[in-house]
Structures are given as C-alpha cells and as structure tokens.
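1. quick one, what's the 3D model for this:
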Amino acid sequence: MRARNSNSGFTLLEMMVAVLVVGLTVTTFFQLFGASLRLERRGRGFDEVVVIGRQTMAQLLARDLRKDEFPWSGEVENFAWDLHLEPVDVKPDADADAAEAGIPLRWASELYRLVFTIQDKNRPGRHLRLVAYRQVAPGYFTDDFKEKHIAPKK
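-> Below you'll find the predicted structure:
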C-alpha cells in the first residue's frame, strides 16, 4: 500500500498565475463592454441625425423652391440645417460629335443638385449631408432666382 502525500493541492505560484489570468480576462471584458456602450451611444446619435435630416429634406422637397417664403436654412430640435442648389452640367460625349457634324443639340430640361446639410448644435461631430437631384424645364427658375439662390458652377 502506498502512503498518501498530505501536501497535495495547488502551489502558491499556480494560484498567482490563475488569479493573473482571471484578472486579465475580466479587465479585457470590461474594456470591450465599455467600448461597445460608447459605440452604441454614438450610433444612436447618428441615427437621430439621419432620421431628422431625411424628414426635414423630404418636407423641403415637397415644397416649391421658387416661392419667396421657402426656407433655405433653419433649425429643427437641436439641429441647424442648410439647403442650397447647384447646377449640374450634363454633356454626353455625343454632344461633341454632334457639334462637329453641325447638329445642334438642346436638352429639354435642366438638372440641379440640392445639397442638404444638417448638424447637431451641441455636438459638432454629428452632421449629415444629403444630396438630391431635380430635373426641371428650361426657364423654370427665373434669372433673379438663379442669381439669388443657385451656387455658381464649380
């Protein structure tokens, strides 16, 4: 028969290693958990900007741009927004070939880019830029309107 060793169990060194491993695991977990909470909070804030921005732009696009009372900038909740128009130069490659052949091409419409920007007044990093295009008949915008509201071509 063999005698049992009364000193069986974990050594102090083994216990220290185990505590170190558990401590590192718990520390890593809490760092990841904190980072995920920050990302979730940031994402929720960006969702708010997107929802309010899209709602405001949809309301603006439903209105007539040519009216004097049309708002070109404003505020909604904690957000400041701005809308401006830019002309879009549409010239297909066929235009040059047609001009060389002496065939004048005229477009039956004009294209404009509407650029909507919205920014959180409390947090400058939260902002959004939405772009929409509007096709209109020539002469839809008067020369006075173009001078006042349409940004020059870049």
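
2. any idea what residue 113 is bridged to?
-> Beta bridges link residue 113 to residue 86, residue 133, judged by DSSP bridges.

3. how close does it sit to residue 34?
-> With distances taken as CB to CB, to the nearest Å, residue 113 is found 42 Å from residue 34. In this view, the C-beta of every residue, glycine as well, is placed from N, C-alpha and C.

4. could you do residue 47 as well?
-> 21 Å.

5. ok, residue 151 next?
-> For residue 151, the distance to residue 34 - CB to CB - is 44 Å.

6. more crowded one of the two?
-> Neighbour comparison, residue 151 and residue 34: the larger count goes to residue 151, with 13 against 10 (by other CB atoms under 10 Å).

7. show the model's pLDDT score for the spatially closest residue to the more buried one that is not a sequence neighbour.
-> The spatial neighbour of residue 151 that comes closest, neighbours along the chain excluded (CB to CB, 6 or more residues apart in numbering), is residue 86 at 4.9 Å. If you check residue 86, the pLDDT there is 90.

8. lowest-confidence helix or strand of this protein?
-> Within the chain, no helix or strand scores below helix 93-100, which has a mean of 63 by mean pLDDT, DSSP states H and E.

9. show the contacting residues for the spatially most central residue of the chain.
-> Nearest residue to the geometric centre of the chain (CA atoms, centre = their mean): residue 128, 4.0 Å. Listed by CB atoms under 8 Å, 6 or more residues apart in numbering, the contact partners of residue 128 are 49, 50, 53, 117, 118, 119.

10. out of the residues you listed, who's nearest residue 41?
-> residue 49 (13.4 Å; CB to CB).

11. so what's residue 121 up against?
-> Neighbouring residues of residue 121 by CB under 8 Å, 6+ apart: 75, 78, 79, 80.

12. confidence-wise, which of these comes last?
-> pLDDT across the contacts of residue 121 is lowest for residue 78, at 87.

13. no further queries at this time; thank you.
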